[in-house]
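A.B. asks: got a sequence here, can you build the structure:
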Amino acid sequence: MLKSWFSAVCCLALGVTALSSAPVVLADEWDAQTDVIIDSMSSDDLVGQMVQVAFSRFFNADKSFDEDKFRAYAKLKIGSYLSGPWQSGSYDGKYGFTAQEWREVLTKAQQIAMEENGGHPFIFGIDSVHGAVFTSGAVMFGQQINGAATFNPDLVYEMGRIAGRDTQASGTPWIFGPILEISQNPLWPRTYETFGEDPYLVSVMVKNVISGMQSNNQTAACMKHWVAYSRTPTGHDKDGVTITDFDLLNYFVPPFKAAIEAGALSAMENYISVNGIPTIANTKLMTTLLREDLAYDAMVVSDFAEVQHLNTFHRFARTTDEAVQMSLKRTSLDMTMASSDYGFINITKALIESDPSFLNRVKQSARRVVKLKLQLGLYENPVPGADTVDLVGNDDDITAALNMARESIVLLQNNDSVLPIPEASSVFVTGHSAHNVGYQCGGWTLSQQGYSGNDMFPNGITVKQGLQSIAGNESVTFFNGLNVTGNYTADDLATAKELASKAEYTIAVIGESAYTEKTYGDINDLALPAGQIEYVNELASTGTKVIVVLFEGRPRLLGDLPSNVHAVINAMLPCELGGQAVAEIIYGQVNPSGRMPITYPKDAGNILMPYNHRVSTQCASGDYCEMQWDFGTGLSYTEFTYSDLTLSRTNVTASSESIDVSVVVTNSGAVAGKETVMLFLTQSFRTISVPEVKMLKKFTKVDLAAGESTVVSFTLTADDWSVYNPQIGSGFKKVAEDADYVIAIKPETDCDVYNETAIANPLCATFTLQTGDYPYGSFE
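C.D. replies: Alright, predicted model coming up:
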């Protein structure tokens, strides 16, 4: 009824051509239709488009929708709303709206809004960052860090596609994701929200998840958080960042460039200051780099209350009036998120009254907001997705989430090939995360901070349940005497040790509770709580073979734990189906194929050291910095051998030339397995900036039967051996210095370019760039 009412009344009144639910419209047609709407708007309408309000403020304590309170805000011509009443927690045993319940609430809200503002729909956004995580009954995938660990872009595409479809089925066309940060400090509480520490890996995954999210033509992804948010020097969320232009352009910006190339329809800035200037008022980042160098012309929204934070957090603006003026005059910000009062609206109106030409600045942003609504078909169908409601939570989605979990779980240690274990073995399973789906999922799951427990996850399977479903209840004994903080009683420890001593295998499932962002996720020490390590070590002392399973959003330091146990499985946060996937790997029904997308540090002094650190980086032991497990680590139940590395050329004399690289990969073991083939590149000397130890440039994942071989081929171009010139405002251009470059296949291959013995490794190969464009010495 809402659709037909709007088509009959509003579209005709505005002179807008009615759009289909999946429109195919040329860019200039979008622009023309946007112009018609903008020209019909009053200054109040235009200012209102720039405001986004938290939808939660319109719900009563019992989660019922307060129409009168909402109507008061609708009269302000608000252009967007976000989130909902379930972010803060459950009510009366209910943890969220179903897709149909979301649709009913949003339909009523759209009716009220459009009655009050001349027929303009609002755009609703929500954090569906690993599935439609705020829709009850939707299947939830692992967090982005798990998606990265698969090294399988197809699985990440599926996560995005299903998240987009289910969010749209809930009446919501705008997803605040994906997260494009490069993980640089494992203390940071949002590490698990990233696709890891490597710019290339993140870029590949970003392209695929955005393509999936937007594949229905009615969902907008939002690339966030522009830019360098994760560079926190302390690990604490929202800490300011100091960074060179080289590092900014070569490590943190490439994923955003990839997102733009994938067609990301919106962007979000961040909470931090960069080189002393808050992003929300940073002309260099928000205008010069984003709008000019990257030519991004889509809509940009602030993060939560960041305009106000210029005054209250950054202390950059003396008053809220100054804060609004800074954000609008210094940047191209289009929408302020979570304005809970009339401040932004009144201040912006006053700016227009004092300087009528300022209306053009407001029109610029309102135009981007309206264009996005048109692109999503909201002027024809303000509550999209009615035809996909019945697909939410279907069996195919469960299979897709399970497949991603299976390929994301990383086997880090397998002493004496203890895994896989026979199904008839006696098994004792323990630990605070052994029977807790909430701890498998982490934050941004049904509520912002996530949950502890199982009842709220209809599709959830814990490790305990997964093991028992395969081996039976008689073979698997469960007891937990451990708290997530590491606390346990002497009696509980004694009980656990007795059960462990009677079992051939003990599976200890430990790690972190659910959390996200500032306060809840901030920690001062990366070490896992000492009590957790002590508890597991005590179990190991009984003689049982201990298999540790980690559910954690960041790599917590393990101390002496690895040396006291047989196996370590890093499950990270695979969410609902994680328990099933872990059990299948333990019993050998699935051969593990996940790889670490971040470095797992061993010592507190080396945590700020991604694998691609510069060659001059020093550690206590000299130039080699020992980690617990390196980037790309991941064991299998089979063996893969590499041979016959070949290059199509070893001299490059023109930037247009490319190099074809091939290597033979053989499954030389007894079972089928999947192997991620990685190609790294190292530049021997570089005058524009000290070179990195190595950088991932290509990867692919192959599935080989026992005894099967395949030729894996990659093509390297100038884009792979060049770097971005550290000059923001120059057009985001790349340069390449003449030098020797070394290719390394496999993450563990040592191709130390300064060591003749290492470089002779058969999985290392060298080529020379001699174009004359940037010979040594040209940067004096």
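A.B. asks: what's the following helix or strand after the helix or strand bottoming out on mean pLDDT in the chain?
C.D. replies: One helix or strand of the chain scores below all others by mean pLDDT, DSSP states H and E: helix 12-14, with a mean of 38. Note on helix 12-14: by DSSP states H and E, the next helix or strand toward the C-terminus is helix 27-40.
A.B. asks: tell me the helix or strand right after that next one.
C.D. replies: helix 43-49.
A.B. asks: what sits up against that next one?
C.D. replies: 38, 41, 76-80, 117-118, 120, 335, 345, 348-349, 352, 359, 362-363, 365-366, 369-370 (Cβ atoms under 8 Å, 6 or more residues apart in numbering). For the C-beta atoms, the positions are set from N, CA and C on the backbone; glycine is no exception.
A.B. asks: domains of this protein?
C.D. replies: In terms of domains, the chain is parsed into 2-391, 409-586, 640-769 (source: automatic domain parsing).
A.B. asks: wait, which of those domains is closest to G634?
C.D. replies: Closest to G634 of the domains of the chain is domain 409-586 (Cβ to Cβ; 4.8 Å).
A.B. asks: about what we covered before: sort out for me which of the contacts of helix 43-49 are in helices.
C.D. replies: With DSSP state H as the criterion, helices contain 38, 345, 348-349, 352, 359, 362-363, 365-366, 369-370 from among those.
A.B. asks: quick check: the two most widely separated of those residues?
C.D. replies: K349 and V370 (18.7 Å).
A.B. asks: so which of those two has more stuff around it?
C.D. replies: V370 (29 against 16; other Cβ atoms under 10 Å).
A.B. asks: so where do the helices sit in the stretch 651-780 of the chain?
C.D. replies: With DSSP state H, counting those that start in this stretch as the criterion, the stretch 651-780 of the chain has helices at 718-721, 756-759.
A.B. asks: quick one, helices of the stretch 101-250 of the chain?
C.D. replies: 144-150, 153-169, 199-213, 245-247.
A.B. asks: and the ones you listed, which is most packed in?
C.D. replies: Among the helices of the stretch 101-250 of the chain, helix 144-150 has the highest mean neighbour count (mean count of other Cβ atoms under 10 Å), at a mean of 30.
A.B. asks: so what does that one touch, helix or strand wise?
C.D. replies: helix 153-169, helix 199-213, helix 395-408 (3 or more Cβ pairs under 8 Å, 6 or more residues apart in numbering; DSSP states H and E).
A.B. asks: reformat those helices as a markdown table; add mean pLDDT and distance to K602.
C.D. replies: Converted to a markdown table, these look like this (pLDDT from 0 to 100; distance: least, Cβ to Cβ, whole Å):
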| stretch | mean pLDDT | distance to K602 |
| --- | --- | --- |
| helix 153-169 | 99 | 29 |
| helix 199-213 | 99 | 22 |
| helix 395-408 | 99 | 22 |
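A.B. asks: residues near G559, how many?
C.D. replies: 18.
A.B. asks: one step back: can you tell which of the helices and strands packed on helix 144-150 is closest to I607?
C.D. replies: Per Cβ to Cβ, nearest to I607 of those: helix 199-213, 19.3 Å.
A.B. asks: quick one: distance of the closest one to the chain centre.
C.D. replies: When distances are taken as Cα atoms, centre = their mean, to the nearest Å, helix 199-213 is centred 9 Å away from the chain's centroid.
A.B. asks: that helix vs helix 153-169, what angle?
C.D. replies: If you take axes from the mean of the first three to the mean of the last three Cα atoms, to 10 degrees, helix 199-213 sits at 40 degrees to helix 153-169.
A.B. asks: going forward, count from 17.
C.D. replies: Noted, 17 is the first residue going forward, which turns the last one into helix 215-229.
A.B. asks: put the alpha carbons of helix 215-229 into CSV.
C.D. replies: Extracted in CSV, the C-alpha atoms of helix 215-229 (Å, rounded to 0.1, in the frame of the first residue of the first chain):
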residue,chain,number,x,y,z
PRO,A,215,46.7,-4.3,2.2
TYR,A,216,46.4,-6.6,-0.7
LEU,A,217,44.5,-9.3,1.2
VAL,A,218,42.2,-6.7,2.6
SER,A,219,41.6,-5.1,-0.8
VAL,A,220,40.7,-8.4,-2.5
MET,A,221,38.3,-9.3,0.3
VAL,A,222,36.8,-5.8,0.3
LYS,A,223,36.0,-6.0,-3.4
ASN,A,224,34.3,-9.3,-3.0
VAL,A,225,32.2,-8.5,0.0
ILE,A,226,31.0,-5.2,-1.4
SER,A,227,30.2,-6.9,-4.7
GLY,A,228,28.1,-9.4,-2.7
MET,A,229,26.4,-6.9,-0.6
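A.B. asks: brilliant, that's me finished.
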